[in-house]
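**Student:** I would like the atomic coordinates for the input below:
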Amino acid sequence: MNQNIDFMDELLARTDLVGLVGEYVQLTKKGGTYWGCCPFHHEKTPSFSVNGDKQMYYCFGACHEGGNAVTFIKKIESVDGRDAVRILAKRVGLEVPETTYTQTQSPEKLKHKERLYALMRTAARHYHDNLKSAAGQKVVRYLHGRGITDSVINRFGLGYSVNGTDLIDHLTAKGFTSAEMKDANVLAVSEKGSYDPFYDRMMVPIINQFGEVCAFGGRTLVKDPDFAKYRNSSTTPIFEKGRVVFAANLLQKLKKQGTKIEYVILCEGYMDVIALQTHGFTTSVACMGTALTFAQAKQIKNFTQKVYISFDGDVAGQKNALKGLDILAQAGLSVRVIELPDGLDPDDVIQKHGKLAYQKLLDNAITLPAFKIKMLQAMFDLTDVEEKAKFGMQAIRVIKALESAVEQEEYLNVVQKMTGYTQETLLRQLNQTAAQEVDVPSRNVLVGYNQENQKAVALSHAETFVLASLAAQKSFVDYTENFTQLLSSDFSITVANFFVGNSLKKIDSVASLYAKVNEEEHSLLDEILNGYQFIEGDNQDKYIDCIRTLKEGVFKKEKAQLESQWTLSKDMELLKRIAQIDAQIQSLKSGGEL
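**Tutor:** The predicted model follows:
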């Protein structure tokens, strides 16, 4: 444990937090603090602060995210603690000790993940090498026939699974076990024995933003109703579809080369991305064929502020585009939709009509509200009076959600032309209509536990300030006992022990606290340390006021319970205790002793 603490302290000390955050956020120095627009929520006025001396960041805006370099990488890159530490260690030239405790997983599980990454790298190389074999030449001919060059084949590491046993034999010879292959999803078991589930498919390695092969996609080259056209890796210890953006590793390379990424084209599948990049659209990525997640949207935002969604032209593709637009907009991205011909995907458009045709579709991409209104228009018959009225009300809900009055007027004009309603009528409806609710992930911070049923409990301002004070001011140790007595039986704060008694005296850096708690407690620690930004100088008086507030809350809770019992029993002893509590509450309010 001491080795881990020493390593984390050195990692945080070597990391230039201002420089790190500056790679994702444009920062401006004001006094001793750097400021920028928060990367974790959409805002136009900078409220995100970075303090290099304290090694802490904090958002004073809507999301209140805060923490140190490790938590910043976790949140901005949507990775777990172990991966965040690995990323930072690589930046500063440190080797991560095997015993480093950055999450609740055991060292054995962490070592297992490293083995799986090594296995997947080995498998990807073997699949790619198979293209040089006689059997693999059919895949090369297929790719060349689609205009995919050797340079693109190498860029994506495309390959071929020859048969059901070839890869398994190769991995076995390299020292990997059947259990590891099964966990990596490159080995399946049937009545006939073990086999490679991707056999006889062109292979596409799925590489995360850190350049690690974490999964595979396989596409068959033959038409066989009993043989699925696509087969993709299922969830494994190193792969979760909703956290990986296909080709993000290529964006990362462009970024490191200093290339400005003006926009990203977001597709549904990896074959679309390969086709687009073959024809020069080198900033295209895919969301793994599933509905876009907020984690993926945040990852995309690390590279650009502008996104074009290029989903299939069928109804399902358009619905997925609509969901994706809302999530991307919530992440603070400027988003447009490339309208593809019905039934065609990006690959089809380029194959049938060429690169210039797709470029024209991109140039004519439409905005979020325009796409929503167009989708609604297709759902209603505007020649029917009732249908037109329903469309109008639904369209107004979309417009109501817009922030700008100028934008609202612009789209009211669009709806007026579609329906023939007067501007006055539409404005009246706008004023009567609630804004359309958008289903997006919300910030869910674990800040405490109800001991009895393990439900999350929110910390009050007073509780947060007290814990932050204990973390920041060693002089408050004398008040620790008073505070811990306030923690009632149904509100046990798991991280509080790190701030009290002897534990507090061992804290050299507030940022290093993250190395002393497990992954489940990080979110609680985030919430507590957000208050640390406000702790400057001697806050003892404010600390005592907060203690009074907390103690008053405990007394009021006890009083409410006693009053409930008195209603049933009429026990005079209860009445006496209620009177005592009233006196204690009055004493607290008048500044009496704690």
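
**Student:** how does this protein divide up, domain by domain?
**Tutor:** Using automatic domain parsing, the domain ranges for the chain come out as 2-92, 107-239, 248-364, 371-432, 461-589.

**Student:** pLDDT averaged over the first one - what is it?
**Tutor:** Read that as domain 2-92. Domain 2-92 carries an average pLDDT of 82.

**Student:** residue 166 contacts residue 196, correct?
**Tutor:** Yes - using CB atoms under 8 Å, residue 166 makes contact with residue 196 at a distance of 7.0 Å. Just so you know, the C-beta spots here come from the backbone N, C-alpha and C atoms, and that holds for glycine as well.

**Student:** who's more crowded, those two?
**Tutor:** For residue 166 versus residue 196, neighbours defined as other CB atoms under 10 Å are more numerous around residue 196 (26 against 18).

**Student:** would you mind listing the residues in contact with that one?
**Tutor:** Residue 196 is in contact with 161, 163, 164, 165, 166, 167, 168, 186, 187, 188, counting by CB atoms under 8 Å, 6 or more residues apart in numbering.

**Student:** now do the phi/psi pair for residue 232.
**Tutor:** phi -120, psi 150 (degrees, to the nearest 10).

**Student:** how many neighbours does it have?
**Tutor:** Around residue 232 there are 21 residues (other CB under 10 Å).

**Student:** ok, now residue 588?
**Tutor:** Neighbours of residue 588 using other CB under 10 Å come to 17.

**Student:** may I have the stretch of helix or strand it belongs to exported as PDB, CA atoms only?
**Tutor:** Here residue 588 sits within helix 572-589, counting by DSSP states H and E. Provided in PDB are the C-alpha atoms of helix 572-589 (Å, rounded to 0.1, in the frame of the first residue of the first chain):
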ATOM      1  CA  MET A 572     -45.200  12.100  29.300                       C
ATOM      2  CA  GLU A 573     -41.500  11.100  29.200                       C
ATOM      3  CA  LEU A 574     -41.600  11.600  25.400                       C
ATOM      4  CA  LEU A 575     -43.100  15.000  25.900                       C
ATOM      5  CA  LYS A 576     -40.300  15.900  28.300                       C
ATOM      6  CA  ARG A 577     -37.600  14.800  25.900                       C
ATOM      7  CA  ILE A 578     -39.300  16.900  23.100                       C
ATOM      8  CA  ALA A 579     -39.100  19.900  25.400                       C
ATOM      9  CA  GLN A 580     -35.400  19.200  26.000                       C
ATOM     10  CA  ILE A 581     -34.700  19.000  22.300                       C
ATOM     11  CA  ASP A 582     -36.500  22.300  21.700                       C
ATOM     12  CA  ALA A 583     -34.200  23.900  24.300                       C
ATOM     13  CA  GLN A 584     -31.100  22.400  22.700                       C
ATOM     14  CA  ILE A 585     -32.100  23.600  19.200                       C
ATOM     15  CA  GLN A 586     -32.700  27.100  20.600                       C
ATOM     16  CA  SER A 587     -29.300  27.000  22.300                       C
ATOM     17  CA  LEU A 588     -27.600  26.100  19.000                       C
ATOM     18  CA  LYS A 589     -29.300  28.900  17.200                       C
END
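
**Student:** low pLDDT regions in the stretch 251-400 of the chain?
**Tutor:** By pLDDT under 70, the low-scoring segments of the stretch 251-400 of the chain are 289-290, 313-324.

**Student:** state the distance from residue 7 to residue 92.
**Tutor:** In this view, residue 7 and residue 92 are 11 Å apart by CB to CB, to the nearest Å.

**Student:** do the same with residue 303
**Tutor:** Counting by CB to CB, the gap from residue 303 to residue 92 is 23 Å.

**Student:** same question for residue 42.
**Tutor:** 31 Å.

**Student:** tell me where the stretch 351-500 of the chain has helices.
**Tutor:** 355-363, 368-379, 385-400, 405-419, 423-432, 461-472, 480-484 (DSSP state H, counting those that start in this stretch).

**Student:** deepest of the ones you listed, which one?
**Tutor:** helix 461-472 (a mean of 23; mean count of other CB atoms under 10 Å).

**Student:** hang on, the earlier thing: who has more neighbours out of residue 7 and residue 92?
**Tutor:** Remark: of residue 7 and residue 92, residue 7 carries more neighbours, 20 against 15, as counted by other CB under 10 Å.

**Student:** how far away from the center of its chain is the longest helix that the chain contains?
**Tutor:** Ranked by residue count under DSSP state H, the longest helix found in the chain is helix 540-569. When distances are taken as CA atoms, centre = their mean, to the nearest Å, helix 540-569 is centred 39 Å away from the chain's centroid.

**Student:** compute the inter-axis angle for that helix and helix 572-589.
**Tutor:** Interaxial angle of helix 540-569 relative to helix 572-589 (axes from the mean of the first three to the mean of the last three CA atoms, to 10 degrees): 160 degrees.

**Student:** thinking again about what came up before, filter the contacts of residue 196 to the buried ones?
**Tutor:** Buried subset of the contacts of residue 196 (neighbour count, 16 or more other CB atoms under 10 Å): 161, 164, 166, 167, 168, 186, 187.

**Student:** and the gap between the last one and residue 130?
**Tutor:** Residue 187 sits at a distance of 17 Å from residue 130 (criterion: CB to CB).

**Student:** after the helix or strand hosting residue 297, next one along is what?
**Tutor:** Here residue 297 sits within helix 294-301, counting by DSSP H and E. Counting by DSSP H and E, the next helix or strand C-terminal to helix 294-301 is strand 306-309.

**Student:** residues of that following strand that come out buried?
**Tutor:** 307, 308, 309.

**Student:** I'd like to know how far the nearest residue to residue 26 once chain neighbours are set aside sits from residue 334.
**Tutor:** Nearest residue to residue 26, sequence neighbours excluded (CB to CB, 6 or more residues apart in numbering): residue 36, at 5.4 Å. In this view, residue 36 and residue 334 are 18 Å apart by CB to CB.

**Student:** more crowded one of the two?
**Tutor:** Between residue 36 and residue 334, counted using other CB under 10 Å, the more crowded position is residue 36 (19 against 14).

**Student:** correct me, but the more buried one touches residue 29?
**Tutor:** No - look at residue 36 against residue 29 with CB under 8 Å: they stay out of range, at 10.3 Å.

**Student:** tell me which residues touch the closest residue to residue 199 other than its chain neighbours, please.
**Tutor:** Of all residues not flanking residue 199 in the chain, residue 164 sits nearest, at 4.4 Å (CB to CB, 6+ apart). With contacts defined as CB under 8 Å, 6+ apart, the neighbours of residue 164 are 195, 196, 199.

**Student:** show me those that map onto strands.
**Tutor:** The strands, defined by DSSP state E, take in residue 195 from the contacts of residue 164.

**Student:** for residue 201, see how far away the residue most central in space within the chain is.
**Tutor:** In the chain, the C-alpha closest to the average C-alpha coordinate belongs to residue 295, at a distance of 2.7 Å (CA atoms, centre = their mean). Using CB to CB, residue 295 is found at 28 Å from residue 201.

**Student:** with residue 80 instead?
**Tutor:** Following CB to CB, the distance that separates residue 80 from residue 201 is 30 Å.

**Student:** who's more crowded, the two?
**Tutor:** residue 201 (25 against 17).
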